[in-house]
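Q: my questions are about this predicted structure, shown below with the sequence.
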Amino acid sequence: MATMNPEEPRPETTVGPEPERRHDGGETRSMGTLVRELMGETTGLARAEIALVRSEMQENLAKVQRGATSMGAGGVLVHAGVLALVACGILLLSLVWAAWVAALVIGAGLAIIGAILLAVGKRKATTEAIKPQRTIKTVERTRDFVRNERSRAMEKWR
């Protein structure tokens, strides 16, 4: 058996017919090969987009969870504070006004403060906050790219 010198070029071993050469030096690939490559690249692209969506959704959901936790804690504290302030305020103002007027003034003031806190928490926990903005932009760019490439390919085949 003959041994090959490592400095000698290795003979090319190909299976099947030799690929056609284009005038620009590149190889011409069959339509089946191109379709298989396109399907493989499309599958890889879809998987990458799905991974990006998952990652971004996890980040956004963590933000919403923090907002919801803040809302819950704020609600509990507002409730306890309202109860204590209502009792204190009513007792204090009942020395000057009638008890019902004192209760009305204190209750209205605390309700306004509570409504403001709830509005702030609601703003933090909107559906817009969890929308995967980066992924949407990437998918739109990919869609536009595929459309352009498809148009170019169709023009070449005509």
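A: Looks like it arrived, so ask away.

Q: every contact and neighbour count from this point should use C-alpha atoms.
A: OK.

Q: in the chain, what spans have low per-residue confidence?
A: Applying pLDDT under 70 to the chain flags the ranges 1-27, 127-129, 158.

Q: residue ranges of the helices in it, please?
A: Using DSSP state H, the helices of the chain run over 31-93, 99-124, 133-157.

Q: next, format those helices as a markdown table and append mean neighbour count.
A: Output for those, formatted as a markdown table (neighbours: other C-alpha atoms under 10 Å):
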| stretch | mean neighbour count |
| --- | --- |
| helix 31-93 | 15 |
| helix 99-124 | 15 |
| helix 133-157 | 12 |
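
Q: what distance do you get for the residue nearest to the spatial centre of the chain to Val139?
A: Nearest to the mean C-alpha position of the chain, counting by C-alpha atoms, centre = their mean, stands Pro132 at 2.4 Å. Distance of Pro132 to Val139, computed by C-alpha to C-alpha, to the nearest Å: 11 Å.

Q: same deal with Arg47?
A: Taking C-alpha to C-alpha, one finds Arg47 at 12 Å from Val139.

Q: please apply the same query to Thr33.
A: Taking C-alpha to C-alpha, one finds Thr33 at 25 Å from Val139.

Q: and Lys131, its phi and psi?
A: phi -70, psi 130 (degrees, to the nearest 10).

Q: ok, it - contacts?
A: Counting by C-alpha atoms under 8 Å, 6 or more residues apart in numbering, Lys131 makes contact with Met57, Asn60.

Q: change it to 7 Å
A: Contact analysis of Lys131 by C-alpha atoms under 7 Å, 6 or more residues apart in numbering lists nothing.

Q: distance from stretch 117-131 to the middle of the chain?
A: Put simply, stretch 117-131 sits 16 Å off its chain's centre (C-alpha atoms, centre = their mean, to the nearest Å).

Q: same check on stretch 134-145?
A: Mean-position distance between stretch 134-145 and its chain equals 12 Å (C-alpha atoms, centre = their mean).
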